[in-house]
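K.L.:
Below are the sequence and a predicted model for it; my questions follow.
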Amino acid sequence: MTLHQNLIAGEWVGTDATKNINPSNTDDVVGEYARASVEDTKTAISAAKAAFQAWSRSGILERHAILRKTADEIVARKDELGRLLSREEGKTVAEGIGETVRAGQIFDFFAGECLRLAGEVLPSIRPNIGVEITREPVGVVGIITPWNFPIAIPAWKIAPALCYGNTVVFKPAELVPGCSWAIVDILHRAGLPKGVLNLVMGKGSVVGQTMLDSPDVNAITFTGSTGTGKRVASASIEHNRKYQLEMGGKNPFVVLDDADLTVAVEAAVNSAFFSTGQRCTASSRVIVTEGIHDRFVAAVGERLKGVVVDDALKTGTHIGPVVDESQLKQDTDYIEIGQKEGARLAFGGERLKRDTPGFYLAPALFTEATNDMRISREEIFGPVAAVIRVKDYEEALFVANDTPFGLSSGIATTSLKHATHFKRNVEAGMVMVNLPTAGVDFHVPFGGRKGSSHGSREQGKYANEFYTTVKTAYTLA
Ligand code: NDP
């Protein structure tokens, strides 16, 4: 089996390998991937530091061409890379191909941004003086990504980092190194100079921690759990470096009496269960007013009967497996906790057997849940959702905001008044009206509030707030 190595200072290196396992079929080894050591990670950081001066001054056309070429190759290989994604993470092939195309679109967008770098020229408050405001790269950017979007999240961090002239040390989640290796290989062949992008696959406690501890990493962008996010924050404060965190969610989806039932059911089922509920923007709290509650729950039950949970690579599968044994245990533990707390397990929640050994779980829907139960307060990160019955819109909004998180949110309603009020008053970084809480565009800001996020937004042109620093220059005329 070919060993996929780390890319450090422009060379493919590494022998200590780990196996990448398919969660739909644990007998299937997707590939072998090198594991970086502390020393490898330090070498990668030094290489990125050494490459910074030249890359930060490189021509915008050079950067544009490399990102553009990368975008083209990703899109041209969307079927192959989409299948690789499904095989290593467990999303359906359609979801895998969709995410791969998205990664290509993101590289394409930032290829364009290379040609749109701009500053400002202003008059000074003093006579005969001009003021220029320019944006400069931050330096060495450490990128740490989670397993649930193996190609899109690396793309939306690597593309802007390179576009704005930073060099990169990139650590993907150990569970899903395949897509990360593929995009680094594509970028390397597209002509990135040595050391500009370094790939260090391996354990968070080894590779990630070495990045956090290094004084030579000038900024860290992190997506993952709240616990690791807090470590990133405290280490970054220690080193006085810039950091950006995207962490968990407990996203509310409100269904009002006046909702179009079909729209509400589709959006709720998609939000809660598609991509196996393993999206930070998934909704696991469905807050339903009493006039529509019973009809809504019955219709969701009917809809779930038609949902096929099976091998992610099989045609006809709607929901693939959970990513691994420990995530599956977390999901089933919460299903038990919910029942003990007094919620009613109305549908699903049982482990499923399929033709191949994998981590299959029937989407679980609780009813009669309250917002103070652990299943309503803590992120589960699986196909498990709870319906909370409320009296009216006002109570729905209160419950929606009664959470330590604030990433995404949604409402199903035909009332302009309530939709408008919800958009203005829900405490979340993103709001969806008659749409699932997950599913975002790449050219507009992505991120949350409260315990979900820290720092400036990701994606679109807002990304430059993190990947650049502003300089103000005064010149005597
Ligand atoms: P983790 O926080 O466990 O891991 C995220 C990344 O951090 C991985 O690459 C991991 O490495 C690394 N890491 C682990 N320990 C350290 C450390 N000590 N120092 C530096 N890096 C470390 O999260 P998961 O990958 O398990 O992802 C699931 C979680 O991520 C969920 O809670 C979910 O809500 C959240 N998430 C949030 C998103 C958002 O945009 N808000 C998007 C996606 C997920 P390793 O490979 O060893 O695990």
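P.N.:
Happy to help now that I have it. Residues are numbered from 1 along each chain as shown.

K.L.:
Show me which residues of the stretch 301-450 of the chain are close to the ligand?
P.N.:
E379, F381, L407 (C-beta under 6 Å from any ligand atom). The C-beta positions use only the backbone N, C-alpha and C, and glycine is treated the same way.

K.L.:
Give me the neighbour count for the spatially closest residue to the second one that is not a sequence neighbour.
P.N.:
Excluding the flanking residues, the one nearest F381 by C-beta to C-beta, 6 or more residues apart in numbering is Q278, at 5.8 Å. By the other C-beta atoms under 10 Å criterion, the neighbourhood of Q278 contains 23 residues.

K.L.:
swap in H188?
P.N.:
18.

K.L.:
What strand or helix carries it?
P.N.:
helix 177-189 (DSSP states H and E).

K.L.:
Would you mark the buried spots in that helix?
P.N.:
By neighbour count on 16 or more other C-beta atoms under 10 Å, the buried set for helix 177-189 is P177, G178, C179, S180, W181, A182, I183, V184, I186, L187, H188.

K.L.:
got it, and stretch 23-36?
P.N.:
P23, S24, N25, D28, V30, G31, E32, Y33, A34, R35, A36.

K.L.:
Over to N22: give its phi and psi.
P.N.:
When read as degrees, to the nearest 10, the backbone of N22 gives phi -80, psi 120.

K.L.:
for A364, that is, sorry about that
P.N.:
phi -110, psi 130.

K.L.:
separation between it and the ligand?
P.N.:
According to C-beta to the nearest ligand atom, to the nearest Å, A364 and the ligand sit 18 Å apart.

K.L.:
what sits against that residue?
P.N.:
Going by C-beta atoms under 8 Å, 6 or more residues apart in numbering, A364 touches D331, I335, L345, F347, G348, G349, P383, V384, A385.

K.L.:
From F442, how far off is the nearest residue to V444 once chain neighbours are set aside?
P.N.:
Excluding the flanking residues, the one nearest V444 by C-beta to C-beta, 6+ apart is G460, at 4.8 Å. Going from G460 to F442 by C-beta to C-beta, to the nearest Å gives 7 Å.

K.L.:
any residues in contact with both of these two?
P.N.:
Contacts common to G460 and F442, judged by C-beta under 8 Å, 6+ apart, are F109.

K.L.:
Now the residue positioned nearest the centre of the chain: which helix or strand?
P.N.:
With distances taken as C-alpha atoms, centre = their mean, the residue of the chain nearest its centroid is I153 (5.0 Å). I153 belongs to helix 152-163 when assigned by DSSP H and E.

K.L.:
and of the buried residues of stretch 23-36, the nearest to the ligand?
P.N.:
Nearest to the ligand, judged by C-beta to the nearest ligand atom, of the buried residues of stretch 23-36 is R35 at 10.0 Å.

K.L.:
hmm, stretch 9-27 touching the ligand?
P.N.:
No: residues of stretch 9-27 are not located near the ligand by C-beta under 6 Å from any ligand atom, the shortest gap being 10.0 Å.

K.L.:
taking the buried residues of stretch 23-36 one by one, which sit in helices?
P.N.:
For the buried residues of stretch 23-36, not one is inside helices, with DSSP state H as the criterion.

K.L.:
export those residues to TSV and tack on pLDDT?
P.N.:
Listed next are those as TSV, based on pLDDT from 0 to 100:
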residue	pLDDT
P23	98
S24	98
N25	98
D28	97
V30	97
G31	96
E32	97
Y33	97
A34	97
R35	97
A36	97
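
K.L.:
circling back: show the contacting residues for the residue nearest to V444.
P.N.:
F109, D441, F442, H443, V444, P445, F446.

K.L.:
Could I have the PyMOL command that selects the buried members from these?
P.N.:
Per 16+ other C-beta under 10 Å, the buried members of the contacts of G460 correspond to this PyMOL selection:
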select buried, resi 109+442+445+446
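
K.L.:
In helices only, show me the contacts of G460.
P.N.:
F109.

K.L.:
Which member of the contacts of G460 is positioned nearest G202?
P.N.:
Using C-beta to C-beta, F446 is the member of the contacts of G460 that sits closest to G202, with 26.9 Å.

K.L.:
Which single residue in the stretch 1-150 of the chain comes nearest to the ligand?
P.N.:
Counting by C-beta to the nearest ligand atom, the stretch 1-150 of the chain gets nearest to the ligand through P146 (3.3 Å).

K.L.:
was I right about that residue contacting T226?
P.N.:
No: taking C-beta atoms under 8 Å as the definition, P146 is not a contact partner of T226, at 11.8 Å.

K.L.:
So for the two, which sits in the more crowded spot?
P.N.:
Using other C-beta under 10 Å as the criterion, P146 and T226 rank with P146 on top: 22 against 16.

K.L.:
sec struct for that one, please.
P.N.:
With DSSP: H, G, I helix; E, B strand; the rest coil as the basis, P146 sits in coil.

K.L.:
Next, it: phi, psi?
P.N.:
phi -90, psi -180.

K.L.:
Look up the closest residue to it, ignoring the ones flanking it.
P.N.:
Nearest to P146 is G224, by C-beta to C-beta, 6+ apart, at 4.3 Å.

K.L.:
quick one: that neighbour and A312, what's the gap?
P.N.:
Applying C-beta to C-beta to G224 and A312 gives a distance of 22 Å.

K.L.:
More neighbours: the two, which one.
P.N.:
Set side by side, G224 and A312 show more neighbours around A312, with 27 against 23, by other C-beta under 10 Å.

K.L.:
how near is the nearest residue in space to that one that is not next to it in sequence to V121?
P.N.:
Closest residue in space to A312, ignoring its immediate chain neighbours: G320 at 3.3 Å, by C-beta to C-beta, 6+ apart. Distance, G320 to V121, using C-beta to C-beta: 52 Å.

K.L.:
out of the two, which sits in the busier spot?
P.N.:
When neighbours are counted by other C-beta under 10 Å, G320 and V121 differ, and G320 comes out ahead with 30 against 10.

K.L.:
The more buried one reaches G90, doesn't it?
P.N.:
Yes: here G320 lies in contact with G90, judged by C-beta under 8 Å, at a distance of 4.1 Å.

K.L.:
Now the common contact residues for those two.
P.N.:
P23, S24, T276, A312.

K.L.:
and stretch 461-468, average pLDDT?
P.N.:
Averaging pLDDT along stretch 461-468 gives 97.

K.L.:
nope, stretch 405-423 is what I was after
P.N.:
98.

K.L.:
Neighbours of the closest residue in space to I8 that isn't next to it in sequence, how many?
P.N.:
Among residues not flanking I8 along the chain, A44 sits closest, at 4.6 Å (C-beta to C-beta, 6+ apart). By the criterion of other C-beta under 10 Å, A44 has 31 neighbours.

K.L.:
25 is where my numbering starts, stick with that
P.N.:
Renumbered: residue one is now 25, and that last one reads A68.

K.L.:
helix or strand for A68, which one?
P.N.:
helix 62-80.

K.L.:
quick one on the thing from earlier: output the contacts of A388 as CSV; include the columns neighbour count and secondary structure.
P.N.:
Output for these, formatted as CSV (neighbours: other C-beta atoms under 10 Å; DSSP: H, G, I helix; E, B strand; the rest coil):
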residue, neighbour count, secondary structure
D355, 23, helix
I359, 23, helix
L369, 18, strand
F371, 18, strand
G372, 21, coil
G373, 21, coil
P407, 26, coil
V408, 26, strand
A409, 28, strand
